[in-house]
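Student: Here is a sequence with its predicted model. Questions after.
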Amino acid sequence: MMDITRLWSCFKAFVPLSRTSNLNSFQPRERFHDIIRREQVRADRNQHPFSLLVFYVGNQEANGTHTEHLAHIVTNRVRLTDEVGWFDNQRIGILLPDTSTDGAQRLADDICQTYNVKISPPEYVVYTYPFKWFSNGNGHQTQLHFADLSSNWKTTISRGFSVTPAPRDGRNIIFGTQSPSIDATSNCETLSQEIEPFSLNPLPVWKRAMDILCALLGLVVLSPILLITALFIKIVSPGPVFFRQQRVGYLGKKFTMLKFRTMKPDADSSAHQQHMSRLIKSANGGGLDRPMTKVDNKSQIVHLGNILRKTCIDELPQLFNVLRGEMSLVGPRPPIPYEVEEYSPWHYGRFNTVPGVTGLWQVSGKNQLTFLEMVRLDIRYLRKITLLSDIIILLKTPLAIISEIKDSLPLQKKELLVRRIVENA
């Protein structure tokens, strides 16, 4: 009898230790967020959904026993491919690769049913990414993660996540305290807004400060060129001086980008739309990924408009977009909405930072590169945004413009230009 008593005492002492070790095996917050980001990229690439099951455990000091109990249950329920970690200081997340909403819900139900009468199960929410899959090819506009590029994207469910609220049948209780009577939809919106930041890349303070200072300085220094160009366009072509076009920017939000107008007022954009559609479709379909050469539409360009384009003078009004915060000096070029309709999910990574007047793509070959090369360069840039990289890109931009002008000249004019440069040296 004595031996049994001692064994039982040892067992009771061992259980809390076991639970604590389970809790300590959870991924820390930063590491867990990195895992979620990686899974998002993988899902965008292979189109396999994943779910995120988030349990609210509250203050760990006040609810330590409950948290350890959940950790013990979760550790015995998850698969080897699943990841468990701290979403924040009060929530534990379970990342479930290749799992639909129904699969995550079944796991949540199984965990809750394991609780006994004395310890009530915690409140939970199921997030599934993405909430829409491609039904045919690249999907087109109805498949976009950004609520079809709506200006109200911020109020939609976190970056393509659908949210399944925890059932309100009395068993969803936060550690013995009845959950407040809250509308399920509004509660989900609150939780989704809290879950959103792990997938976003906020603009660094130094980058925004540099944008404002350089844009103001640029507008002052370049004001004579801006004025002369505006007068020239007004003289050679009837119509507005500026060309305003809807572009897709940070987080998929649309904005109006400014340029000096180099096309005739009645110019048709359908040729460009068809050209870009063919390029992106070919790249998405595994076909020939062609260089992003521009459409030859000389008949629709105003007098000397080609010069404004080649020298990038027509892009200077975008400094006003920079001041408004819609663009940055350096970043991915903002696409036109009809281009985005052809995007595959992983291309949306371009929208994880503010678009730029110039960028890594522009100084790496621009229209000589293919669409997929452009996307990869943009994503590579936004993963490692630094002050030094922005300065280097800005310094390389004038050289890239000169190189583009030189490449556009006929062979005889190139040789004449080189000879004059040598003679004047």
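Tutor: Done, it's in.
Student: domains in the chain, as residue ranges please.
Tutor: According to the domain assignment given by automatic domain parsing, the chain is divided into the following structural domains: 13-199, 205-424.
Student: avg pLDDT for the shortest one?
Tutor: Okay, so that is domain 13-199. Here domain 13-199 scores 64 as its mean pLDDT.
Student: Show me the strands in the stretch 1-150 of the chain, by range?
Tutor: Read by DSSP state E, counting those that start in this stretch, the stretch 1-150 of the chain holds these strands, from start to end of the chain: 50-56, 83-88, 91-97, 124-129.
Student: how about the nearest residue to Leu219, chain neighbours excluded?
Tutor: Closest residue to Leu219 apart from its sequence neighbours, by C-beta to C-beta, 6 or more residues apart in numbering: Leu319 at 5.4 Å. C-beta here means a position set from N, CA and C on the backbone, and glycine is covered the same way.
Student: hang on, the earlier thing: let's have the domains of the chain in JSON lines, adding mean neighbour count.
Tutor: Formatted as JSON lines, the domains of the chain follow (neighbours: other C-beta atoms under 10 Å):
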{"stretch": "domain 13-199", "mean neighbour count": "17"}
{"stretch": "domain 205-424", "mean neighbour count": "17"}
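Student: possible to save the strands of the stretch 1-150 of the chain as a markdown table with distance to Thr114?
Tutor: Supplementary listing: the strands of the stretch 1-150 of the chain in a markdown table, determined by distance: least, C-beta to C-beta, whole Å:
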| stretch | distance to Thr114 |
| --- | --- |
| strand 50-56 | 13 |
| strand 83-88 | 15 |
| strand 91-97 | 14 |
| strand 124-129 | 13 |
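Student: what separates the closest residue to Asn59 other than its chain neighbours from Leu323, distance-wise?
Tutor: Closest residue to Asn59 in three dimensions, ignoring its sequence neighbours and counting by C-beta to C-beta, 6+ apart: Gln90, at 6.7 Å. Note on Gln90: its distance to Leu323, by C-beta to C-beta, to the nearest Å, is 40 Å.
Student: same thing with Phe243?
Tutor: 18 Å.
Student: Also Arg42?
Tutor: Separation of Arg42 from Leu323 (C-beta to C-beta): 38 Å.
Student: so the residue lying closest to Pro122 once chain neighbours are set aside bridges to which residues?
Tutor: Spatially, and ignoring its direct neighbours in sequence, Pro122 is nearest to Phe55 (4.8 Å; C-beta to C-beta, 6+ apart). When bridges are taken as DSSP bridges, the partners of Phe55 come out as Ile92, Tyr124.
Student: Hmm, Val126 and Phe55 touching each other?
Tutor: No - Phe55 is not in contact with Val126 according to C-beta atoms under 8 Å; the separation is 10.5 Å.
Student: Run through the residues that contact the closest residue to Thr293 other than its chain neighbours.
Tutor: In this structure, Thr293 finds its nearest non-sequential neighbour in Asn367, 5.5 Å apart by C-beta to C-beta, 6+ apart. The neighbourhood of Asn367, defined by C-beta atoms under 8 Å, 6 or more residues apart in numbering, consists of 291-294, 404.
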